[in-house]
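K.L.:
Next one to model:
(2 chains)
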Amino acid sequence: MPEIKLSNISKHYDEVIAVDSVNLTVRNGEYVALLGPSGCGKTTTLRIIAGLTLPTEGEVFIDGIDVTYAPPGDRDIGFVFQHFEIFPFWDVWDNVGYGPKLRGLDEMEIEKSVWEALETTKLTNKVDNLPEELNTPELQRVGLARALATGAKLMLFDEALGALDPKVKAIFQHELRKIVKKNKLTAIHVTHDQLEAMAIADRIIVMRKGKILQIGKPTELYYSPNDIFTANFLGESNFIEGVVSKVTETGSEIQLRDGSTLRTDEKAIKRGSRVVINIRHELLRLYTIERLSALNFVPGKVIGYRFLGDRHSYEVKLDSGEIIGVKEFARAPPSFKMEDTVTVRMDTSLAVVFKYPSDGLAPHLSLE
Amino acid sequence: MATSSFSEKIRTLEYRLSNRWCRLSAEGVTLAFFFVIILGPTIFVFSAVFLNWNEVVTTVFNDPIAGDIRWQIMRTALIRSFQIAAIATVINIIIGLPMAILIARYEFKGKEILDTLVDLPMAVPTAALGFSIFLFWGSRSGISVLFGLETGILSRGPLLIILAHIAFTYPYIVRSLKAVILGIDKTYEDAAKTLGASGFTTWRTISMPLMKEGLIAGAILSFTRSLGETGATLIVAGVYETAPILIVSWRKLLLIPATAFLSMILVTIAVIMLVLVRIMARKVGFPIEKVWPRPEQFLSGIWQRRFRNSVTIAIFLVIILLPSLFTFQYVALWWSGSPATGRFESGVFYQVFLAPDLKWAWLLISLVTSLQIATLATLINLGFGLPMAFILVRRKWGKINGILDAMIDIPLAVPSSAIGFSAFLFWRGIINPGFWLILMVHIIFTYPYFIRPVIAVIEGIDPGYEEVARTLGASDLTTFRTVSLRLTGRGILAGAIMVFTRSLGETGATIVVMGLSRTVPVYIVDLVESLALPAAAFASIIVICISLALLLTLRYISRSAEEWK
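P.N.:
Below you'll find the predicted structure:
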């Protein structure tokens, strides 16, 4: 039963630090997503777990055994590649059968494990096809079947759904999670797609610039991010600057740059300190009432609109010059048009207050 | 302002010329050049044989005095040539594959240098190379010194021929294998490893099938180069005759019909081989069905790999590099006199510069001829080969493209002395043996060496760039000049240097058509035949140095091309 532990793992390429002192434990039976922008070191981390890349420092443990320098074949893993890498000169059966064959199983056992893997991935009617005869989703299935047929209990997915169309991807997300859970596998899934990570994983590990920023359940990360980058990377967020004007026992009041005031539940801040309020697009609503001066109401003007099908997405410019996003359920056609003067009601119950970073907001909002 | 109006004029001119008729006539000229200058002379020997069939039968099969002795000689020479080419190729694959893996996949100090050294025998004129190898293995100042022998350890003959052929075809095998290995998508190997394959199993079952076609292409290149080689063979063969040498010596004896017949056989074999290979490359299989996890895991061990790499480098040093560069040691040793007797008159310096037969003057004249011919051949192939490469890649003529593409390779597969002889018959009465006929022949056999790399580069160009230029308002010719040429530039330069080096190093084709002119490789053969070894050695190191400089330039260009990408 696999439990993976990374202890102080770093990987340097000449001057570049791809992975920087990563510590991580993945529990047996867990489905974990490694999430981050491209170049954040998530794929390198996965390859280090697989043994395809050797770390510069640190140790990798699988089930408590140090496998840092063991070849991939000794780690009993299944790896699904972004572009699948189905061997072009073999048909589906031979591709899937390669792993069991390498384990020295006899004919009967090979046949049994290949067949089971093909059944799980719904490929039993493609047994004799060559890779060139298959479409992308089918190739994806072969890639998964090939990994499953080895009988490995640890699955490593490297952007495994990245090459699929959005609709197909949604179906595969469900299927992949079901297969992993049903076969009691442990899975580590690398992706840069925050929606995919939230949909598929028990826990998400957010990485940036080689470091782990936060680990937690999808809802934890979404509602209580402990970092501006994480808050920005998951979902759609506004970051509004302000100064704490009042702290009470039940919460605090924050004055925005245009003079309006927001009331939040945050208590652990000092009066007079500069803060950034992280409030998600869907927690805002627009009203036509002009210049309503009350708590949590901020005046502005509509300067942009996108129709998302199930939502209306507005861009609103506040009097301070800050531009924020507002998302509303599209139960009816949009009720606001460009240049409309509006008042934004901010529901701060789920807002998160961050200290204003000493190096400014921009480096924390950059998606690198 | 003047420059802008000048470039304006050029653009206007290009715009006017960018029409269908101009394009068709340019393509017509390009194709006509290919058929009349390149292909026609190469296969003209067929018509020469059939038109003079009776004479051929008489001289080859039914000579009043000699009977069918010439046919016997011819058959023997052909069989020998094939045996030598096959042996050299097989040995080269065995010693070249691990070297290709080493260069393509390992990172170590001195890798760049090793990579350049491996290419060295390709750039060196084979006559110089053959001479160097002869000095190393076959003379008493070579390796036999180590064993305290009075003579060389190998005498001229088949063994020495095979050693020479291994040396100059080695870079062809290693280069093509290296390119294929670098082209393999490494993630396939990663996939195999995650499935539990050891390093050796991964190579045998995954990488080898992926590099199959490249392996076969490299083997064919090496085989045909060996089959057609003259310069080195002339020097190391002694009385032993291979087919290309037979052409040279029969041509000297003016046995025209017999030479024509032999040339025709070589051309035919070359064409058949090219066709067969194109068909076979897909069908050959590798034993990849079974795996033996345990023994193969043993072979993948780090010490086993280190052992393999050391043996590879050792073989390269002893069989290829040292013999190829041995002339330098020889010239240094013999510079101011014979090391054995101390006689000043036997030394390189006296022989070349002071002896009454003025060898330095002959060397200078032949060097100038060599450089002139190489330059002209390069320029002409540049002018007519470049549009041909574009036609082959860009024009969609269906099957015609495939056929043209295969025909390009014919001069590559035909032994150059056969090409030379065929072209001699083709131009008889129009161009007499001498400088201009040498040039015509050099244009023919270097043609594929220019076109192949250029085609590869053009195929790699994203046509999107040209489309962008067109949508921005550039005419076809302006697009070609400002975008396409820019993108192919380095491929063109690489091809041009290949042509130059090949032309500089050619012996067989030159001997057949040279008349009274001399190029350096032929002069080296002359010197060796008249046993003027010190002078031959000096001439050799001169051409080796020129070729080495060209090779380094080529490597510099292709490396900066990689960085540029």
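
K.L.:
alpha carbons only for contacts and neighbour counts from here, please
P.N.:
OK.

K.L.:
Quick one: list the elements packing against the helix or strand of chain B with the lowest mean pLDDT.
P.N.:
The helix or strand of chain B with the lowest confidence, counting by mean pLDDT, DSSP states H and E, is helix B:144-147 at a mean of 71. Using 3 or more C-alpha pairs under 8 Å, 6 or more residues apart in numbering or on different chains; DSSP states H and E, no helix or strand is in contact with helix B:144-147.

K.L.:
Next SSE downstream of it?
P.N.:
helix B:158-183 (DSSP states H and E).

K.L.:
Buried ones in that next one, by neighbour count?
P.N.:
Buried residues in helix B:158-183, counted by 16 or more other C-alpha atoms under 10 Å in any protein chain shown: B:158, B:160-178, B:180-182.

K.L.:
residue contacts, residue 231?
P.N.:
Since no chain was named, I'll use chain A. When the contact criterion is C-alpha atoms under 8 Å, 6 or more residues apart in numbering or on different chains, the partners of A:A231 are A:L221, A:Y222, A:P225, A:S237, A:N278.

K.L.:
that's the wrong chain, I wanted chain B
P.N.:
B:T126, B:A127, B:G130, B:E506, B:T507, B:G508, B:P521, B:V522, B:V525.

K.L.:
what about B:L404, how many neighbours?
P.N.:
Neighbours of B:L404 under the rule other C-alpha atoms under 10 Å in any protein chain shown: 15.

K.L.:
quick revisit: just the closest of the contacts of A:A231 to chain B, please.
P.N.:
Ranked by distance to chain B (C-alpha to the nearest C-alpha), the contacts of A:A231 are led by A:L221 at 31.7 Å.

K.L.:
so what does the helix or strand that contains the closest one touch, helix or strand wise?
P.N.:
A:L221 belongs to helix A:218-223 when assigned by DSSP H and E. Here helix A:218-223 touches helix A:194-200, strand A:203-208, helix A:228-233, going by 3+ C-alpha pairs under 8 Å, 6+ apart.

K.L.:
For the last one, list the C-alpha coordinates in PDB.
P.N.:
I take that to be helix A:228-233. What follows is helix A:228-233 as a C-alpha-only set of coordinates in PDB (Å, rounded to 0.1, in the frame of the first residue of the first chain):
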ATOM      1  CA  ILE A 228      -2.600  36.000  -2.400                       C
ATOM      2  CA  PHE A 229      -1.200  33.900  -5.300                       C
ATOM      3  CA  THR A 230      -3.400  30.900  -4.300                       C
ATOM      4  CA  ALA A 231      -6.400  33.100  -3.900                       C
ATOM      5  CA  ASN A 232      -5.900  34.500  -7.300                       C
ATOM      6  CA  PHE A 233      -5.000  31.100  -9.000                       C
END
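
K.L.:
I'd like the next helix or strand past that helix.
P.N.:
strand A:237-247.

K.L.:
Next, the residue of chain B found nearest chain A: secondary structure please.
P.N.:
Of all residues in chain B, the one sitting closest to chain A is B:G196 (3.5 Å; C-alpha to the nearest C-alpha). Classification of B:G196 by DSSP: H, G, I helix; E, B strand; the rest coil places it in coil.

K.L.:
Pretty sure it sits against A:G78.
P.N.:
No: using C-alpha atoms under 8 Å, B:G196 makes no contact with A:G78, being 9.3 Å away.

K.L.:
pLDDT and distance to A:W93 added to the contacts of A:A231, as TSV?
P.N.:
Below are the contacts of A:A231 laid out as TSV (pLDDT from 0 to 100; distance: C-alpha to C-alpha, whole Å):
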residue	pLDDT	distance to A:W93
A:L221	94	41
A:Y222	94	42
A:P225	94	45
A:S237	92	47
A:N278	94	52
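
K.L.:
Kindly reformat these as CSV containing neighbour count and distance to A:A330.
P.N.:
As requested, these are exported to CSV (neighbours: other C-alpha atoms under 10 Å in any protein chain shown; distance: C-alpha to C-alpha, whole Å):
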residue, neighbour count, distance to A:A330
A:L221, 21, 26
A:Y222, 19, 23
A:P225, 22, 27
A:S237, 21, 19
A:N278, 22, 24
